[in-house]
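[1] Build me a model:
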Amino acid sequence: MIYSIENHPNDSRVKLRIDDKSQTLSQRMGTGGGNVPMVMLQEESTSEARGGQGWEMTETSDTLNIFDNSETRTPTLMANEYVVRRLTPTECERLQGYPDGWTDIGDYTDTQGKLRHTTDSARYKALGNSICLPPWKWVLKRISAQYERDATMASLFDGIGGFPYLWEQINGKGTCLWASEIEEFCIAVTEIRINGVST
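    Numbers count the residues shown, from 1 in each chain. The predicted model follows:
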């Protein structure tokens, strides 16, 4: 059973409903609305709606308490009226202007030869420390237009390859010569996504 959401007309609150549809974020939740968080209103959640788990949510408590059910030995959950929904890594990529899955690189080998697994935490951190691509593309286009010869680039403390990605869109493949970074995950993203760039 999927708990879906509906727009609230006045702010970022959205109602939960039980069906197979889920709404996307609205413009107000990201820009122009004072950075209003995405929240979900828990209107009804019974044991039956939860698949017979033996517990239910209520709107009567402002703290989280767990009680033991003596018959089923399962917890009863009392929760806040509102719950903030975390952005997904893909939504963060879209907010920063990257293609979907840019930081979803699977298993990778770090600079010490150790095999590592891509985690959501690593993706969140990398995207949070990254540049937002659209405004920088505007700037780089105008810088490139001033060159009287073919322009090349080297990028210091590059993160997940934002500058090489934009530069090569504007000036052609191979025009970013190298990128520098110290975070293992970011190095791996750049090496995988920007072919031919020395890191």
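[2] For residue 84, see how far away residue 98 is.
    Using CB to CB, to the nearest Å, one gets 23 Å for the distance from residue 98 to residue 84. (C-beta placed from N, C-alpha, C; glycine too.)
[3] Check what contacts the helix ranked longest in the chain and list those residues.
    Across the chain, the longest stretch assigned as helix under DSSP state H is helix 133-145. Under the criterion CB atoms under 8 Å, 6 or more residues apart in numbering, residues 96, 97, 98, 151, 162, 163, 165, 166, 167, 169, 170, 171 lie in contact with helix 133-145.
[4] Rebuild those residues as JSON lines, extending it with pLDDT and neighbour count.
    Output for the contacts of helix 133-145, formatted as JSON lines (pLDDT from 0 to 100; neighbours: other CB atoms under 10 Å):
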{"residue": "96", "pLDDT": "97", "neighbour count": "19"}
{"residue": "97", "pLDDT": "97", "neighbour count": "18"}
{"residue": "98", "pLDDT": "97", "neighbour count": "23"}
{"residue": "151", "pLDDT": "89", "neighbour count": "17"}
{"residue": "162", "pLDDT": "96", "neighbour count": "26"}
{"residue": "163", "pLDDT": "96", "neighbour count": "22"}
{"residue": "165", "pLDDT": "97", "neighbour count": "24"}
{"residue": "166", "pLDDT": "97", "neighbour count": "24"}
{"residue": "167", "pLDDT": "96", "neighbour count": "27"}
{"residue": "169", "pLDDT": "95", "neighbour count": "14"}
{"residue": "170", "pLDDT": "95", "neighbour count": "16"}
{"residue": "171", "pLDDT": "95", "neighbour count": "18"}
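[5] just those residues now: which is nearest residue 195?
    Residue 195 lies nearest to residue 165 out of the contacts of helix 133-145, by CB to CB, at 11.2 Å.
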